[in-house]
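[1] My questions are about this predicted structure, shown below with the sequence.
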Amino acid sequence: MVKLGEVGDDAARVPSSAFFVEHAAPAEAAAGIANGGHQARPHMLAGDFLKDEHITIDVGTHEQLMEDVPHEKRLTLGFPHISAWVPDLFGPEEANAFTNALKRLKGSKAKEQKPKERQILCDISGTCHPGEVLALMGPSGSGKTTLLSILGGRAPSALTMTGQPMFNQQKLTKRAKRQVGFVLQDDLLYETLTVYETLYFAAMLRLPSAMSTEQKTQRVDHVIRTLGLDKCKDTIVGGFFQRGISGGERKRVSVGHELLINPSVILLDEPTSGLDSTTAMNLVTSLCQLAAGGRAVVTTIHQPSSRLYQQLDKLLLLSEGHCMYYGRANLAAHWFFTLGFTCPYGVNVADFILDVASGAVTSSKLEVDAAANHLIACSERYAKAYPKEDGYRRPETLNEDKLGSDLWSAARSRKSIASAESVLMATVDLDEQDRRVMSSSEASSSSEGCSIDELKRAPKAAAGSRWGASYSTQLHILFIRAIKTRRFDSMSSQDFFQFIVVGVLTGLFWWQQGRGDTVYSAQNSNGLLFFEMLFLAFRAMFVALFTFPSEYKMMLKERASGMYRLSAFYFARSASDLPFEATPSIFIFIIYFMGGLRLTPAAFFCNWFATVLVTLVAQSLGLLIGATVMNAKTAQTVTAVIMLTMMLVGGFYVTSIPVWIAWLKYLSFVYYGYDLLLKVEYKGRTLWDCAGSNPSDPANHPGCTVVPPGGLQAKLHLPENTEQWPWEAVVLIGWLIFFRYMVYIALRYKTAAPEAKHH
Ligand SMILES: Nc1ncnc2c1ncn2[C@@H]1O[C@H](COP(=O)(O)OP(=O)(O)OP(=O)(O)O)[C@@H](O)[C@H]1O
């Protein structure tokens with residue numbers, strides 16, 4: 001509990017009405033850096049404007065969130081001159097590209113045109129030092145998420161960009177990525193795991209193997225306690241179908257997921273969206289505490305409350321991809337005041353500057369109507385007056401009074417918004433340290449932190465290997481996790497119910513139809529065997545289709561943070577399927593005995609083995625289709641076509657397939673599976689033709705004749721030689737291995753870190 005009005009040493013961070021006329025000295029962050037990142041951060045900023053000692057606000061924990069980041073692991077994030085473009089898919093030039101292709105087909109020479117691109121970030125620069133909280137703000141669609149994903153090395157592959165983020169003046173390597181925590185806008189969590197399990201598995205996978213299990217569980221407990229998740233730690237995360245923890249708790253679990261690794265840089269996309277102001281405040285307070293422990297924190301924030309805004313060190317304000325302001329957060333209102341945009345009394349500063357960035361506020365000093373034009377004109381004029389040195393404008397050459405008058409006079413001319421550039425940021429706040437960090441030509445020595453090269457060379461305990469846990473631990477943890485995440489899925493009572501109901505119905509329809517050694521019983525047995533195989537194979541295939549598409553985003557997230565090796569994930573996931581493969585056995589058992597199939601233990605076991613083998617092959621094909629297209633709807637369409645083709649050439653429905661297309665059956669696992677089941681059923685048996693009847697003892701029944709091999713057997717679509725060794729099993733095992741390997745290749749390709757193109 002902090003009493004409002006008690007935090008006296010924080011006046012510099014608190015805006016008041018004087019904010020708009022005074023130029024308060026900033027520099028806590030700088031002081032914090034000089035102090036090794038240990039800023040004396042208040043838990044809550046009270047403000048001199050509310051001096052009521054009776055009002056108290058609980059802002060959450062006072063406990064230190066995490067241990068400080070060691071000096072040698074601290075990272076300064078710099079992002080000089082970042083620009084980004086996305087393809088404008090349906091722009092007029094795409095139509096030209098299509099026309100070009102048509103013309104090329106017709107042989108005429110068309111004028112080639114490059115596909116149209118839309119610029120979404122325009123020359124954005126900035127830095128975030130250990131100990132600082134940098135907020136990216138701007139209206140929706142202004143480019144905050146895009147910039148943040150670029151900073152975290154997760155720019156989508158559709159993006160073309162120039163410039164790149166630098167961490168202690170080095171590019172971000174895969175290993176160093178493990179020093180960067182990235183909290184996505186959407187909370188990607190396993191819905192069926194509890195809060196504790198979510199964090200426990202993450203800790204076991206992400207924390208270095210040098211830490212003992214006790215230390216890792218202590219870390220989990222610590223994160224749970226300090227993020228206030230004790231009450232819900234045994235509640236499942238939940239989702240659309242199953243209610244679980246609240247939205248705010250989900251967000252805190254996402255943050256905790258990243259905090260576990262004690263990152264040097266934390267990037268958060270809209271961590272406060274959907275939270276009430278007190279919870280949002282608690283979260284940002286926690287972030288400030290984390291920053292104070294030597295971390296650089298960059299966060300996008302949509303619409304912060306004024307209390308929350310006061311917590312921020314730096315602000316980068318974006319509008320349509322352009323930088324409208326970069327500097328100390330507590331100077332933003334003053335800057336816009338200088339430009340003629342006065343924040344009305346009582347209005348939240350954050351709301352006001354967002355209005356300015358949206359073009360919703362007009363400068364009172366100007367005759368021109370468009371506020372955006374005014375800002376752009378200011379920046380262009382200023383850019384001419386203060387040319388860049390080494391790419392950056394020297395703050396020491398600035399004279400704010402002159403700047404102001406220059407800008408006003410320049411603002412008379414109307415300019416197009418497309419010509420805006422990010423000079424405003426340089427006008428306000430690019431101090432010596434910023435320029436040093438951003439200049440890639442400088443030596444890598446920095447007052448805080450060490451270079452990533454040093455991290456690479458550092459002993460294992462300091463930098464860690466590229467993977468947190470050892471391979472065997474990854475396998476073990478991922479296996480347990482896969483089982484737990486599916487506890488409400490395959491083992492559910494609905495599955496048992498389905499197998500039992502369909503099994504009993506099938507058994508009733510085929511009741512003892514397979515009993516006997518006649519052609520009549522063989523015809524019925526064939527139908528039952530084909531149905532048995534198809535039902536289980538179709539079901540397994542369609543269930544498997546959704547496995548990877550539904551986990552795709554999670555896999556991308558976890559792979560991007562270097563949580564595990566893909567092969568460990570895949571082996572564990574496949575192994576976790578095994579217990580569930582036994583579930584269909586109940587169906588096999590019911591229909592086998594109700595349908596009256598061959599009554600020997602060997603025949604039953606072989607039938608079970610052949611059916612499970614076919615089911616596994618079908619499941620693997622389903623996984624492959626799902627992993628290749630990663631889209632459940634497309635996967636269903638593809639599967640329907642493939643499965644129908646395989647079924648038709650399987651040997652039961654169509655007896656004489658045209659020769660030119662008959663080769664398709666050799667690609668069909670249904671064909672091999674059906675043949676295998678027939679061999680199991682008829683091996684060593686003699687069949688009798690009793691003219692459509694099914695006597696129990698055909699050998700002694702008048703009118704029954706033995707069916708010669710190659711005679712009626714061919715008509716019944718039985719294998720020509722049922723005595724032959726069941727080579728179909730070998731082919732099916734071959735398909736199984738091939739499909740499983742191809743699934744791995746598809747996953748590897750699909751979950752590779754997206755790489756934006758560089759201009
Ligand atoms: N992969 C992409 N393909 C096409 N357009 C994209 C892509 N990524 C981003 N954009 C476009 O870039 C602009 C910036 O998007 P971004 O998500 O970064 O904005 P934002 O400021 O984070 O918005 P919000 O606050 O609503 O999340 C938007 O106009 C968006 O449509």
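    Received it, and whenever you're ready, just let me know what you need. Numbering: from 1, shown residues only.
[2] how would you label Ile661: helix, strand or coil?
    Recorded secondary structure, Ile661: helix (DSSP: H, G, I helix; E, B strand; the rest coil).
[3] I'd like to know how many residues surround it.
    Ile661 has 12 neighbours, counted by other C-beta atoms under 10 Å. Just so you know, the C-beta spots here come from the backbone N, C-alpha and C atoms, and that holds for glycine as well.
[4] list the contacts for it?
    For Ile661, the contacting residues are Val649, by C-beta atoms under 8 Å, 6 or more residues apart in numbering.
[5] how close does it sit to Gly514?
    Taking C-beta to C-beta, to the nearest Å as the measure, Ile661 falls 32 Å from Gly514.
[6] again, but for Gly650
    To Gly514, Gly650 is 19 Å away according to C-beta to C-beta.
[7] for the longest helix along the chain, packing partners?
    Ordering each helix of the chain by length in residues (DSSP state H) puts helix 601-629 first. Helices and strands touching helix 601-629, by 3 or more C-beta pairs under 8 Å, 6 or more residues apart in numbering; DSSP states H and E, are helix 519-545, helix 547-560, helix 566-581, helix 585-594, helix 632-648, helix 669-682, helix 727-750.
[8] Do me a favour and average the pLDDT over that helix.
    Mean per-residue pLDDT for helix 601-629: 92.
[9] And for stretch 191-199?
    Taken as a whole, stretch 191-199 has an average pLDDT of 92.
[10] Quick check: buried residues in it?
    Within stretch 191-199, the residues scored as buried using 16 or more other C-beta atoms under 10 Å are Thr192, Leu193, Thr194, Val195, Tyr196, Glu197, Thr198, Leu199.
[11] Is it correct that the last one is in contact with Val220?
    Yes: the pair Leu199 / Val220 is scored as a contact, 4.8 Å apart, by C-beta atoms under 8 Å.
[12] For these two, list the residues in contact with both.
    Common contact partners of Leu199 and Val220 (C-beta under 8 Å, 6+ apart): Leu260.
[13] Tell me the one of the buried residues of stretch 191-199 nearest the ligand?
    Nearest to the ligand among the buried residues of stretch 191-199, counting by C-beta to the nearest ligand atom, is Thr198 at 24.5 Å.
[14] Now do the contacts for the closest one.
    Contacts of Thr198 (C-beta under 8 Å, 6+ apart): Leu189, Tyr190, Val237, Val253, His257.
[15] Phi first, then psi, for it.
    Dihedral angles of Thr198 (phi, psi; degrees, to the nearest 10) stand at phi -60, psi -50.
[16] and it, how far is that from Leu148?
    Using C-beta to C-beta, Thr198 is found at 23 Å from Leu148.
[17] Then Trp335?
    Trp335 is 23 Å from Leu148, by C-beta to C-beta.
[18] Tyr570 too?
    Where Leu148 is concerned, Tyr570 sits at a distance of 30 Å (C-beta to C-beta).
[19] So which of the two has more stuff around it?
    Between Tyr570 and Leu148, counted using other C-beta under 10 Å, the more crowded position is Leu148 (23 against 20).
[20] Just to be sure, the more buried one is in a strand?
    No: going by three-state DSSP, the assignment for Leu148 is helix, not a strand.
[21] Kindly report the residues of the stretch 201-350 of the chain close to the ligand.
    By C-beta under 6 Å from any ligand atom, the residues of the stretch 201-350 of the chain that approach the ligand are His302.
[22] Test my guess that Thr628 contacts Ala746.
    Yes: Thr628 is within contact range of Ala746, at 4.7 Å (criterion: C-beta under 8 Å).
[23] Relative to the ligand, how far out is Cys577?
    If you look again at residue 577, you'll see it is Asp, not Cys. Distance, Asp577 to the ligand, by C-beta to the nearest ligand atom, to the nearest Å: 34 Å.
[24] and if you look at Tyr682?
    Here Tyr682 is placed at a distance of 58 Å from the ligand (C-beta to the nearest ligand atom).
[25] same thing with Lys116?
    For Lys116, the distance to the ligand (C-beta to the nearest ligand atom) stands at 12 Å.
[26] my read: that residue touches Val86, true?
    No: under the criterion of C-beta under 8 Å, Lys116 is not in contact with Val86, lying 10.2 Å apart.
[27] What's the local residue count around Tyr520?
    Neighbour count for Tyr520, taken as other C-beta under 10 Å: 20.
[28] got it, and the one 10 residues further on?
    For Phe530, the number of neighbouring residues by other C-beta under 10 Å comes to 21.
[29] Could you tell me how far it is located from Val69?
    Separation of Phe530 from Val69 (C-beta to C-beta): 64 Å.
[30] mind listing what's buried in stretch 688-698?
    Of the residues in stretch 688-698, Trp688, Asp689, Cys690, Asn694, Pro695, Pro698 count as buried by neighbour count, 16+ other C-beta under 10 Å.
[31] same deal with stretch 572-585?
    In terms of neighbour count (16+ other C-beta under 10 Å), stretch 572-585 has its buried residues at Ala572, Arg573, Ser574, Ser576, Asp577, Phe580, Thr583, Pro584.
[32] Lowest-confidence entry in those residues?
    For the buried residues of stretch 572-585, the weakest pLDDT value sits at Phe580, with 72.
[33] gap between that one and Phe604?
    Separation of Phe580 from Phe604 (C-beta to C-beta): 21 Å.
[34] can you check Glu551 too?
    36 Å.
[35] repeat for Asn526
    Per C-beta to C-beta, Asn526 is found 17 Å from Phe604.
[36] got JSON lines for the buried residues of stretch 688-698, with secondary structure and pLDDT too?
    Below are the buried residues of stretch 688-698 laid out as JSON lines (DSSP: H, G, I helix; E, B strand; the rest coil; pLDDT from 0 to 100):
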{"residue": "Trp688", "secondary structure": "strand", "pLDDT": "82"}
{"residue": "Asp689", "secondary structure": "strand", "pLDDT": "81"}
{"residue": "Cys690", "secondary structure": "coil", "pLDDT": "80"}
{"residue": "Asn694", "secondary structure": "coil", "pLDDT": "76"}
{"residue": "Pro695", "secondary structure": "coil", "pLDDT": "77"}
{"residue": "Pro698", "secondary structure": "helix", "pLDDT": "77"}
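[37] hang on, the earlier thing: Asn526 and Phe604: which has the busier surroundings?
    Each of Asn526 and Phe604 has its neighbours counted (other C-beta under 10 Å); Asn526 has more, 21 against 17.
[38] State the helix or strand in which the residue nearest to Asp269 when sequence neighbours are not counted lies.
    Nearest non-adjacent residue to Asp269, counting by C-beta to C-beta, 6 or more residues apart in numbering: Gln185, 4.0 Å away. For Gln185, there is no host helix or strand (DSSP states H and E).
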